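> quick one, fold the following:
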Amino acid sequence: MTTAQRPRVLLVDNHDSYTGSIEQLIWAVTGDRPHLVQSDAVDLGALAEYTHIVLGPGPGTPHHAGDVGAGLEILRRARVPVLGVCLGFQEMAVALGGRVVPAPRPAHGVVETVTHDGSTLFAGVPERFEAVRYHSLVVDEPAPMRITARSRDGLPMAGEVAERGWYGVQFHPESIGSGHGARMIEAFLASDVPTEGPDLPVFAEPPRSRSEGRAPEAVSEHPRGAWRVWSEAVERQGDTERLFVDLYGAAPVAVWLDSAQQAYGMGRFSILGTPEGPRDHVIDFRAAEGVVRLDGEEIGSDVWDVLADRMDAHPVEPRDDLPFVGGYVGSIGYGAKAIGRARASATPDAQLVHLSRFVVVDHLEERIHVVAAGPPEDEREARGWIAAARERILSTCDADPQGASGSGDPVATPRTTRGDGASREHGSPSSGSETADPAPADATVTRSQYLRDLSVVRTWLAAGDSYEACYTYTLRFPHDGPALDAYRRLRRTNPAPYAAFLRLPGREVMSCSPERFLAVTSAGWAETKPIKGTARRVADPEADADVARALAVDPKTRAENLMIVDLLRNDLGRISAPGTVTVPSLMAVESYATVHQLVTSVRSELLPRDAVGVRAAEALFPPGSMTGAPKRRTVEMLDALEAAPRGAYSGVVGYFSRCGSVDLSVVIRTAVAADGEVTIGTGGAITYDSDPDAEADETVAKSTPLLRAFGRTHPFV
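Below you'll find the model as predicted:
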């Protein structure tokens, strides 16, 4: 394709969670990035600038003007080829006077065999191929266009209006589970400019644009310049738990990103520290107030803008031996999201501790790094701190027989396993986690209310407003014991590669999360590892292996996982270089101490920009595995349905390093202690095929290990 022949493509986004992957597909085929615009922000006067238009998918129905923005008016005015995907295809039918009606059964994340008739869009595509369906509605028949492809049950899967150059597909060609998407895009872009067709009806003016994003705000000025890193290594490992207790157990603010299990390529490093350097501080953010504070002083209104500005101010060169070279460690809770309702929470929606003096434990190399970061003029003080900290670490290690013998950290290394991957190590670091008659926690919903709420969610799925929704609730109980003791019990009975203990102002966070939200390297490569699909482990090895195999092939579970994988491919696709979004591992079973999980890895090369790691985390937040798809509409509906704010739960915990690297977990399997009360969030992704009682039981399975660490039980059982 020559430069003169290159198409100029307008891609219209109906506030969907898959359009970013369509953008990547077009970009890879043409070599040029399409112009992606929200459907209610299209400049109708500029349509003549484009050679092709793509109307993307989205929630809702084309019979409701608010769901399609300017889509119907675009079709009325378009004099260039138009491709409609899912909702876009349905818009074509409505523009031609047809109707869209409920499908016999919603199909969300369903891999379907599609058969076509060899028409323009399918040139070079096998007559039968697999494609992924995400829709609750379908074009009614007789259709006002020629139907060119059908599903196995005879539903319209594609259509065309040849005289206008309109082509539509009901399935999603951009999905990881669909074949031949690039070929269809090529065929569409090669189609002839249509001749003038009959005038279409004049539709109502599109709704006014809603604001999409915001301009970066001004944040407080501070001196800018590169920092240096100084470090010394202690060639032994010792017990990381004891190391944290000895170094930071009495500190009023302390963080411990704890690789309590090395598994599946994760969990090599633990990071321990407290804000004790001359430039250390704590940032907190309350979304309902729209205020970011640094040690109590107001410095901005958006936590992502403040974080990006401060990280860019003092960059540090990356180190091969250190994942973290100073920066921010902490929690960004679900309430920090920029979509949906800002619900007032008893604790801050984000708290981030700046560390310039800290310890990194390398569990693989059995080495402890004592690290300081800061401007060059801090070198003398930094080296003095390193020397003092090193002596304290040596004293702790030498007092620990395992550390002295070099046998490694008994908690930070992998659990004792057999071929089935099951953990056989049990026990508690102290008494007090078990009681003769453990009391149930309180829940923000009863089991019957939970089941009623799931029936509401099901109406969203049937209407096409959502394909999958992660409904959650909160468990609460009073607790006045040391949170660190509870965390130590938890890490031994339920170890995880993304375990963490955070003692923050006003609360303590105890997490045993196995799920990576986002990792970004200093070179700009990103990875996310969504978990969707959970099965409780059983004691018998053969039966446990059967449970894992059943999880891997369960159609409902695979559809659930596929929807989130496509969502995250979309989120990364919007901020990544063309053709770099890959899925090296799709729906693999990973086994942890109490559950099997279905896990996928999605990777990409991020487009260069300032504070790329921070901005990537912002673009993917909140975690798709904890929201559903399409994300925006689903989050808005969940906010209205759920009984209480999620707090830290469903957010992220981890670090933002000054070298540009980021590593964050999804906050699941997590307890938060504040004001004499512990809260634990639990929930799960609900699809049209979900069994409500089974979903309720799954929330019990997910929360039971946490409850057990506090001597509590779940009220549903």
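
> what about the residue nearest to Ala611 when sequence neighbours are not counted, how many neighbours?
Distances taken as C-beta to C-beta, 6 or more residues apart in numbering put Ala308 closest to Ala611, at 3.6 Å, once the chain neighbours are dropped. For glycine as for every other residue, the C-beta is placed from the backbone atoms N, C-alpha and C. The burial count assigned to Ala308 is 23, neighbours taken as other C-beta atoms under 10 Å.

> assumed Ala308 was part of a strand.
No. In this structure, Ala308 is helix, not part of a strand, as judged by DSSP: H, G, I helix; E, B strand; the rest coil.

> OK, contacts around it?
Applying C-beta atoms under 8 Å, 6 or more residues apart in numbering, we find Ala308 in contact with Pro216, Asp610, Ala611, Val614, Arg615, Glu618.

> OK, contacts around the second one?
Applying C-beta under 8 Å, 6+ apart, we find Asp610 in contact with Ala308, Asp312.

> what ranges of this structure fall below the confidence cut-off?
Residue ranges of the chain with pLDDT under 70: 1-5, 193-224, 260-266, 400-436.

> do that again at 80, thanks
1-5, 192-224, 237-238, 260-267, 399-437, 593 (pLDDT under 80).

> what is the burial count for Ser331?
Neighbours around Ser331, by other C-beta under 10 Å: 30.

> is it true that it touches Gln351?
Yes. Using C-beta atoms under 8 Å, Ser331 is in contact with Gln351, at 5.6 Å.

> about what we covered before: select only the buried ones of the contacts of Ala308 in PyMOL?
In PyMOL, a selection of the buried entries from the contacts of Ala308 looks like this (16 or more other C-beta atoms under 10 Å):
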select buried, resi 611+614+615+618
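
> could you measure from the residue nearest to Ala611 over to Asp302?
9 Å (C-beta to C-beta, to the nearest Å).

> ok, Val85 next?
33 Å.

> the more surrounded of these two?
Legend: neighbour count by other C-beta under 10 Å for Val85 and Asp302, higher for Val85 (30 against 20).

> ok, the closest residue to that one other than its chain neighbours to Ala226 distance?
Using C-beta to C-beta, 6+ apart and skipping residues adjacent in sequence, the residue nearest Val85 is Pro57, 5.1 Å away. Pro57 is 45 Å from Ala226, where distance means C-beta to C-beta.

> more neighbours: those two, which one.
Legend: neighbour count by other C-beta under 10 Å for Pro57 and Ala226, higher for Pro57 (27 against 12).

> is it true that the more buried one touches Thr19?
Yes. Assessed by C-beta under 8 Å, Pro57 is found in contact with Thr19 at 6.8 Å.

> find residues that contact each of Ser331 and Gln351.
Residues touching both Ser331 and Gln351 (C-beta under 8 Å, 6+ apart) are Leu502, Leu504.

> and the spatially most central residue of the chain, what does it touch?
For the chain, the residue nearest the mean C-alpha position is Pro623 (2.6 Å; C-alpha atoms, centre = their mean). Counting by C-beta under 8 Å, 6+ apart, Pro623 touches Glu515, Phe517, Pro530, Ser650, Gly651, Val652, Val666.

> can you tell me the strand partners of the helix or strand hosting the second one and which way each runs?
Under DSSP states H and E, the secondary-structure element containing Phe517 is strand 516-520. Here strand 516-520 is paired, per DSSP bridges, with strand 525-528 (antiparallel), strand 662-666 (antiparallel).

> how long is stretch 353-371 end to end?
Counting by C-alpha to C-alpha, to the nearest Å, you get 16 Å between the two ends of stretch 353-371.

> which of the residues in that stretch are buried?
In stretch 353-371, counting by 16+ other C-beta under 10 Å, buried: 353-363, 366, 368-371.

> whatever helix or strand Thr704 lives in packs against which elements?
In this structure, Thr704 is located in helix 692-709 according to DSSP H and E. Packing contacts for helix 692-709, counted by 3 or more C-beta pairs under 8 Å, 6 or more residues apart in numbering; DSSP states H and E, involve helix 447-463, strand 468-478, helix 483-493, strand 507-513, strand 531-536, strand 670-674, strand 677-686.

> alright, I will stop here.
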